[in-house]
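A.B. asks: Structure, please.
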Amino acid sequence: MQKRYRILIINPKTTTTIISIFHNEMCIFKQSIHHHSVFKNDLTEIDNEVMVRKKEILQLLIDAGINMSKLDAVAANGGLLRPVEGGTYEVTEDVLIDLKNSYNGKHASNLGGILAYEIAHGLNIPAFFVDPPVVDELSSIAKLSGLPGIERKSIFHALNQKAVARQAAQELHTTYEKANLIVAHLGNGITIGAHERGKVIDVNNGLHGDGPFSLERAGTIPSEALIELCFSGQYSKDNLIREITYKGGIKAYLHTDNVEEIEKKINQHDPLAKNVFEAMAYQIAKEIGSMATVLGGMVDGVVLTGELSHSKKLTEFITERVHWIADIFIYPGEYDLQALNAGTLRVLRKEESAKKYIRNL
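C.D. replies: Numbering: from 1, shown residues only. The predicted structure is shown next:
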């Protein structure tokens, strides 16, 4: 009889923390904690933010009647750490140092590993993170940008991409380690990866202005025009980064990032809304096509996931252009909680070994 494991999953966002408890593969508890303040990732405030969120998490679990002594592990998203290969990692002192110092950038996900460790340490059980956004399995030629000194970075929705890639491989009656897949995560940011036999050998960096534009990100911008904008005197460095990261894309064109509102405008024959929405789909399809060349045309499936894949109109626009590449699999939404649980289970069941995070001092 298979041993039963109980795992606490922590997924911190800017203004919320999502908590769930899994009993093997079954989610038996899930709830979101809404925080009074917005997390700004100020290095002087991280310890205080962790203390506040930890207290609220523990109180929520106590109020829900959860027996903490029955937990076998705690898992959380990894945050912006140093580049690592995909897999499940135990939260160690090296992990905590880099998360607390926002080594690879500021993001609410940096709280995850710290919170997991804080709670697990008090229970004398292990804390893990799985497939963090800095998973780097790029081929050497994929890292060259065309300008020495600037290297293409691998920052993407690794956790969800690898989770749905495993699902698609299962539907194809094979394993993730044997399949070639193109996975498009369609959310506030859009990342599209070429998964070759369990490794993401190329992917656009949707956080730092690479690839298709999205609801709020500008994506790849012609270099000369962007340089002129930088020296125009209209923006400070921080303001311009915010402009292209959170105020660009569809929001900049249509002054909204509400998909239902945008689709309503399209149905009312608004030509600008239709053109911008189709342009986003066009850029997504173009990126999928480029990843097909990365895999040499040997593609077993194309996977669409993320919140935007709930939009039938968008997935139809994309499918019309890429269906010839391979069968299309659509997994709407995000599977982060299930992926964190599955990665932790693989280690607890000794199907995989936990990997060690190493700081290159």
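
A.B. asks: Quick one: residues contacting Asp257.
C.D. replies: Applying Cβ atoms under 8 Å, 6 or more residues apart in numbering, we find Asp257 in contact with Asn188, Leu215, Glu216, Gly249, Ile250, Lys251. The way it works is simple: take the backbone N, C-alpha and C, and place the C-beta from them, glycine included.

A.B. asks: what do you get if the cut-off is 7 Å, keeping everything else the same?
C.D. replies: Leu215, Glu216, Ile250, Lys251 (Cβ atoms under 7 Å, 6 or more residues apart in numbering).

A.B. asks: Centre of the chain to whichever strand or helix holds the third one, how far?
C.D. replies: Taking DSSP states H and E as the definition, Ile250 sits inside helix 249-254. Shown here is helix 249-254, whose average C-alpha point lies 22 Å from the average C-alpha point of the whole chain (Cα atoms, centre = their mean, to the nearest Å).

A.B. asks: Please put the alpha-carbon coordinates of it into PDB.
C.D. replies: As requested, the backbone C-alpha atoms of helix 249-254 are provided in PDB (Å, rounded to 0.1, in the frame of the first residue of the first chain):
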ATOM      1  CA  GLY A 249       0.900  45.600 -24.500                       C
ATOM      2  CA  ILE A 250      -2.900  45.600 -24.800                       C
ATOM      3  CA  LYS A 251      -3.300  47.900 -21.800                       C
ATOM      4  CA  ALA A 252      -1.300  50.600 -23.600                       C
ATOM      5  CA  TYR A 253      -3.400  50.300 -26.800                       C
ATOM      6  CA  LEU A 254      -6.900  49.800 -25.300                       C
END
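
A.B. asks: What are the contacting residues of it?
C.D. replies: For helix 249-254, the external contacting residues (Cβ under 7 Å, 6+ apart) are 213-219, 257, 262, 272-273, 276, 280.

A.B. asks: of the contacts of Asp257, closest to Thr315?
C.D. replies: Leu215 (15.1 Å; Cβ to Cβ).

A.B. asks: rewinding a little: now render the contacts of helix 249-254 as JSON lines, adding distance to Ile192, secondary structure and pLDDT.
C.D. replies: Shown next, in JSON lines, are the contacts of helix 249-254 (distance: Cβ to Cβ, whole Å; DSSP: H, G, I helix; E, B strand; the rest coil; pLDDT from 0 to 100):
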{"residue": "Phe213", "distance to Ile192": "13", "secondary structure": "coil", "pLDDT": "97"}
{"residue": "Ser214", "distance to Ile192": "11", "secondary structure": "coil", "pLDDT": "97"}
{"residue": "Leu215", "distance to Ile192": "15", "secondary structure": "coil", "pLDDT": "96"}
{"residue": "Glu216", "distance to Ile192": "17", "secondary structure": "coil", "pLDDT": "94"}
{"residue": "Arg217", "distance to Ile192": "13", "secondary structure": "coil", "pLDDT": "95"}
{"residue": "Ala218", "distance to Ile192": "16", "secondary structure": "coil", "pLDDT": "95"}
{"residue": "Gly219", "distance to Ile192": "11", "secondary structure": "coil", "pLDDT": "95"}
{"residue": "Asp257", "distance to Ile192": "20", "secondary structure": "coil", "pLDDT": "94"}
{"residue": "Ile262", "distance to Ile192": "21", "secondary structure": "helix", "pLDDT": "97"}
{"residue": "Leu272", "distance to Ile192": "25", "secondary structure": "helix", "pLDDT": "98"}
{"residue": "Ala273", "distance to Ile192": "23", "secondary structure": "helix", "pLDDT": "97"}
{"residue": "Val276", "distance to Ile192": "19", "secondary structure": "helix", "pLDDT": "98"}
{"residue": "Met280", "distance to Ile192": "13", "secondary structure": "helix", "pLDDT": "98"}
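
A.B. asks: Tell me how many other residues surround the closest residue to Ser69 other than its chain neighbours.
C.D. replies: What sits nearest to Ser69 in space, not counting adjacent residues and going by Cβ to Cβ, 6 or more residues apart in numbering, is Leu123, at 7.3 Å. Neighbour count for Leu123, taken as other Cβ atoms under 10 Å: 16.

A.B. asks: hang on, isn't Leu123 packed against Met68?
C.D. replies: Yes. Applying Cβ atoms under 7 Å, one finds Leu123 in contact with Met68, separated by 6.1 Å.

A.B. asks: ok, and the closest non-adjacent residue to Leu58?
C.D. replies: The spatially closest residue to Leu58, leaving aside those adjacent along the chain, is Ile119, at 7.1 Å (Cβ to Cβ, 6+ apart).

A.B. asks: tally of neighbours for the one you found?
C.D. replies: When neighbours are counted by other Cβ under 10 Å, Ile119 comes out with 21.

A.B. asks: Next: Glu151.
C.D. replies: Neighbourhood size, Glu151 [other Cβ under 10 Å]: 11.

A.B. asks: Next up, the contacts around it.
C.D. replies: Residues in contact with Glu151, defined by Cβ under 7 Å, 6+ apart, are Lys143, Ser145.

A.B. asks: Per-residue pLDDT of it, please?
C.D. replies: On the pLDDT scale, Glu151 is placed at 95.

A.B. asks: which stretches of this structure aren't confidently modelled?
C.D. replies: Applying pLDDT under 70 to the chain flags the ranges 1, 37-44, 361.

A.B. asks: for Asn297, what are its contacts?
C.D. replies: Not quite, residue 297 is Gly, not Asn. Gly297 touches nothing, counting by Cβ under 7 Å, 6+ apart.
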